[in-house]
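[1] Starting from these lines, generate the structure:
(one chain, ligands or ions: 2)
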Amino acid sequence: MATSTVSQPSYERSDMSVGIVHFGVGGFHRAHQAMVIDGLMNQGEALDWGICGVGVLPADRAMRDALLGQDGRYTLVLKHPDGTREARSIGSIVDYLFAPDDPDAVVERMSDPAVRIVSLTITEGGYNTDQVTGLFDDANPDVQADLHDGAAPRTVFGLVTEALRRRRERGIEPFTVMSCDNIQGNGGVASRAFSRFARLKDEELGAWIAENVAFPNSMVDRITPVTTDDDRRMIADEFGVQDAWPVVAEPFFQWVLEDRFPGGRPPFEHAGVQVVADVEPYELMKLRLLNVGHQGIAYFGRLSGYTYAHEASRDPLIVDLLRRYWRDEARPTLRPVPGVDLDEYTESLLERFSNEYVLDTLARLCAESSDRIPKWLLPVVRDQLAAGRGVHRSAAIVASWARYAEGIDEHGRPIEVVDRLRDVVMANAARQGDDVLAFLREPTLFGELASDEPFATEYAAALRALRDAGAQATLRALASE
Ligand SMILES: NC(=O)c1ccc[n+]([C@@H]2O[C@H](COP(=O)([O-])OP(=O)(O)OC[C@H]3O[C@@H](n4cnc5c(N)ncnc54)[C@H](O)[C@@H]3O)[C@@H](O)[C@H]2O)c1
Ligand SMILES: O=P(O)(O)OC[C@@H](O)[C@@H](O)[C@H](O)[C@H](O)CO
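    Ligands and ions are numbered 1, 2, ... in the order given. Predicted coordinates:
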């Protein structure tokens, strides 16, 4: 017997049309952008900005089946720190196309003049850029296949650039490409990746994209864990809804977006989005404080025996590590952030991480570390080193990843390392008993850092402590300095 109600969309499906094509319909998009569009539609706005989701990877077949099975609608449940929950049915996803089923349908959808935005949450690794140089990885086998085998496009690069080619040929103005991934300068990164891919395919098209397609930057924020079967059961029991793939998230929401949409955009600001001229200070703040904070709790937490983010972020020694990293190493690298008190911001991060109802797992935070540490933490390290400032806690966080990547916890139990570079990082970690810098000597991840004396010294000391004395003892020593 349901005890709570789900708020329903107030608009009719027949009134909506597609204005946005979105790649990477996972948890986050459905807790963030799709909710914003739904909110606008509830206000009678943006009805022509409905979303057509696109899945590219084989695993997306499950999302296709779940969403199409319920007319694109799904339940978003926000979990408050006092244990209360609010549920809302989101109706802004009008359609879903699974690219491997019919790539041309995806390209044609994006070629429709009514589509003015193509948005992306394809993960940090989805942009296929070299971690050190930031250049597009031309040699990637999927990219090579999309460039040369003459078959229909299958990567996001092939699909988007083919749609832009058709629009150009047909005299339709280009859509804006809006990246909502956790990458510093995500718009610029996307611009370089798509233009480079297009140039390799057709020099003139690449130049046209670089010149004519807008790629606004954005900062996006809402902790959205992986949906579990317990969530499905809770939604059935408490709200009386059978949902094949609901999404759960924390109540906090932030989206800061650069106002660069030549083809038009929804009135995002009417739904709580901060539309600004310069997103960079917000991006630096969020990635270097929140996301690195997550990596700070992830490995130390896992090695200390915790499973969930809220457990690790209530450990006083881990809290101390985060506070000192934020104060002494991250904050000196930030630009002033309009309207934000950084003391309040970092304290609010601890409160958000500690929300026990969100049940965010350390496993989610540890996954794909080779796409996260180089993009979020190493830029802090490099800025600090260039300014002659300390990297003590940053080095300890990198070392905790190296220890974690050994794939065995402090009780001898296996750790499942989920990373597209799993074999590389685990092989390097396996050698660090003989060579304490072995993990750091991976130039594709760390560039020159193994030969940076101040950094390598701090890192080696932290890794030795982790291997010899364990995570808690290492944290205790760090806290006593
Ligand atoms: N979950 C969060 O708390 C959160 C918060 C802010 C931002 N984000 C951003 O959103 C991204 C996705 O997070 P999520 O929680 O939705 O993850 P998810 O695993 O639920 O969804 C990821 C989606 O990206 C797609 N994808 C992955 N690699 C791809 C590739 N190479 N090409 C095309 N599609 C690809 C997947 O198929 C899937 O649809 C994150 O990597 C991050 O950049 C997430
Ligand atoms: O999803 P990722 O890979 O970008 O990173 C893991 C988490 O740090 C991230 O998802 C945060 O929960 C999110 O960035 C909060 O807004």
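
[2] give me the element the residue of the stretch 251-400 of the chain found nearest ligand 2 is part of.
    Residue nearest to ligand 2 within the stretch 251-400 of the chain: residue 294 (3.7 Å; CB to the nearest ligand atom). Heads up, the C-betas are built off the backbone N, CA and C, glycines and all. Assigned by DSSP states H and E, residue 294 falls within helix 292-303.

[3] Just the C-alphas of that helix, formatted as PDB.
    Extracted in PDB, the C-alpha atoms of helix 292-303 (Å, rounded to 0.1, in the frame of the first residue of the first chain):
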ATOM      1  CA  VAL A 292      38.800  15.500  -5.900                       C
ATOM      2  CA  GLY A 293      37.100  15.300  -2.500                       C
ATOM      3  CA  HIS A 294      35.300  12.200  -3.700                       C
ATOM      4  CA  GLN A 295      38.600  10.700  -4.800                       C
ATOM      5  CA  GLY A 296      40.000  11.600  -1.400                       C
ATOM      6  CA  ILE A 297      37.400   9.600   0.400                       C
ATOM      7  CA  ALA A 298      37.200   6.800  -2.200                       C
ATOM      8  CA  TYR A 299      40.500   4.900  -1.900                       C
ATOM      9  CA  PHE A 300      41.300   5.800   1.700                       C
ATOM     10  CA  GLY A 301      37.700   4.800   2.600                       C
ATOM     11  CA  ARG A 302      37.800   1.600   0.700                       C
ATOM     12  CA  LEU A 303      41.200   0.600   2.200                       C
END
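
[4] close to ligand 1, is it?
    No. For helix 292-303, no contact with ligand 1 is found by CB under 6 Å from any ligand atom; the gap never falls below 8.9 Å.

[5] Need the contact partners of stretch 142-157.
    23, 56, 99-100, 103-104, 107, 120, 122, 126, 128, 136-138, 158-159, 161-162, 193-194, 197, 200-201 (CB atoms under 8 Å, 6 or more residues apart in numbering).

[6] With stretch 463-475 instead?
    299-300, 303-304, 315, 317-318, 320-321, 396, 399-400, 402-403, 410, 432-433, 436, 439, 462, 477.

[7] can you give me the end-to-end distance of it?
    Its start and end residues considered, stretch 463-475 measures 12 Å (CA to CA, to the nearest Å).

[8] Please spell out which residues along that stretch are buried.
    Neighbour-count burial for stretch 463-475, counted by 16 or more other CB atoms under 10 Å, picks out 463, 465, 466, 467, 470, 471, 472, 474, 475.

[9] for that stretch, what is the average pLDDT?
    Averaging pLDDT along stretch 463-475 gives 98.

[10] Give the ranges of residues in the chain that sit below the confidence cut-off.
    Nowhere does the chain drop to pLDDT under 70.

[11] What ranges does it have for its strands?
    6-7, 18-23, 50-55, 74-79, 85-90, 93-98, 117-120, 176-179, 218-221, 247-249, 254-258, 274-276 (DSSP state E).

[12] still on that earlier bit, can you tell me which of the buried residues of stretch 463-475 is nearest residue 456?
    Of all the buried residues of stretch 463-475, residue 463 has the smallest distance to residue 456: 10.2 Å, by CB to CB.

[13] Who are the packing partners of the helix holding residue 294?
    helix 309-312, helix 316-324, helix 342-353, helix 362-366, helix 369-376, helix 392-404, helix 471-480 (3 or more CB pairs under 8 Å, 6 or more residues apart in numbering; DSSP states H and E).

[14] Go ahead and name everything in contact with that helix.
    309, 311-313, 315, 318, 321-322, 325-326, 330, 349, 353, 362-363, 365-366, 369, 372-373, 376-377, 380, 393-394, 397, 400-401, 403-404, 409-410, 415, 466, 470-471, 474-475.

[15] ok, of those residues, which come out buried?
    309, 311-313, 315, 318, 321-322, 325-326, 330, 349, 353, 362, 365-366, 369, 372-373, 376-377, 380, 393-394, 397, 400-401, 403-404, 409, 415, 466, 470-471, 474-475.

[16] For residue 110, which non-adjacent residue is spatially closest?
    With CB to CB, 6 or more residues apart in numbering as the criterion, residue 110 has its nearest non-adjacent residue at 3.5 Å, and that residue is residue 163.

[17] Check the contacts of stretch 142-157 one by one and keep those near ligand 1.
    Within these, those near ligand 1 by CB under 6 Å from any ligand atom are 23, 56, 122, 126.
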